[in-house]
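> sequence-free structure coming up:
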């Protein structure tokens, strides 16, 4: 079964950047096969990784609902939809990418969500690592459209709003049925003189605070120039992720 890492937090905290740097760590060390899931409706992870997601699960779901009455002769609905799900997975160099896309629109999606749960159950054993970029509401975890999580990272900044979102994530994880083995807070871009304040605030959380990923001009330049973070070298943010991965990934992070 895959070792799974889920990253969540308020928009603008550096959540997707941290997710991309975790993927870079695993790809650089050839820790594959790796499944990367973009479960944030903004769907920016592919861009941060320097690749293109051709289609999302949301796109496929809408298309299938329109075409459900036009099934090929002799094909059952489940088989038709599962074939579509496999086509949504984008094979990249060093990892596979699954983009979830926008949340549900009008109509009943219970059957499709049930199928997606089964699909993820069948898919996870094919991978050594699964890394997921989530929205703050943890929709796909709370709906149980993804498997149990080995490590959940809540990303914060100095902003009180980021702390409030982290508290909401803490409340959500206490209410859902998924098993989450390790729950952690990681801060992003906190100024050195403010780190003690942030660390002290984190003592109010049941999540373990593991450290700060600093602001990094190498990352900012790559984003500005449209380069994927997998190409970044001499990055202090990536060096920090490298230091933290034995905590985030557990025993398997270095093997």
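That came through fine. Values in this document were obtained by computation on a predicted structure and should not be read as measured data.
> what bits of this protein have low per-residue confidence?
1, 63-82, 102-116, 144-145, 147, 178, 251-255 (pLDDT under 70).
> ok, the closest residue to residue 175 other than its chain neighbours to residue 14 distance?
Leaving aside its chain neighbours, residue 175 sits nearest to residue 142 (7.7 Å; criterion: CB to CB, 6 or more residues apart in numbering). In this view, the C-beta of every residue, glycine as well, is placed from N, C-alpha and C. Look at residue 142 and residue 14: by CB to CB, to the nearest Å, they are 23 Å apart.
> do the same with residue 153
Counting by CB to CB - residue 153 and residue 14 are separated by 11 Å.
> Which residues are in contact with each of those two?
Between them, residue 153 and residue 14 share no contacting residue under CB atoms under 8 Å, 6 or more residues apart in numbering.
> rewinding a little: quick one: neighbours of the residue nearest to residue 175, just the number.
For residue 142, the neighbour count with other CB atoms under 10 Å is 16.
> Roughly how far does it sit from residue 51?
From residue 142 to residue 51 the distance is 27 Å (CB to CB).
> what do you get for residue 209?
Applying CB to CB, the value for residue 209 to residue 51 is 32 Å.
> Kindly report the same for residue 159.
Residue 159 is 30 Å from residue 51, by CB to CB.
> of those two, who's got more company?
Between residue 159 and residue 51, residue 51 has the larger neighbour count (other CB under 10 Å), namely 18 against 12.
> Just say helix, strand or coil for that one.
Secondary structure assignment for residue 51 (DSSP: H, G, I helix; E, B strand; the rest coil): coil.
> Any idea what the residue nearest to it when sequence neighbours are not counted is bridged to?
Distances taken as CB to CB, 6+ apart place residue 92 nearest to residue 51, at 5.0 Å, with adjacent residues excluded. Assessed by DSSP bridges, residue 92 has beta-bridge partners residue 95.
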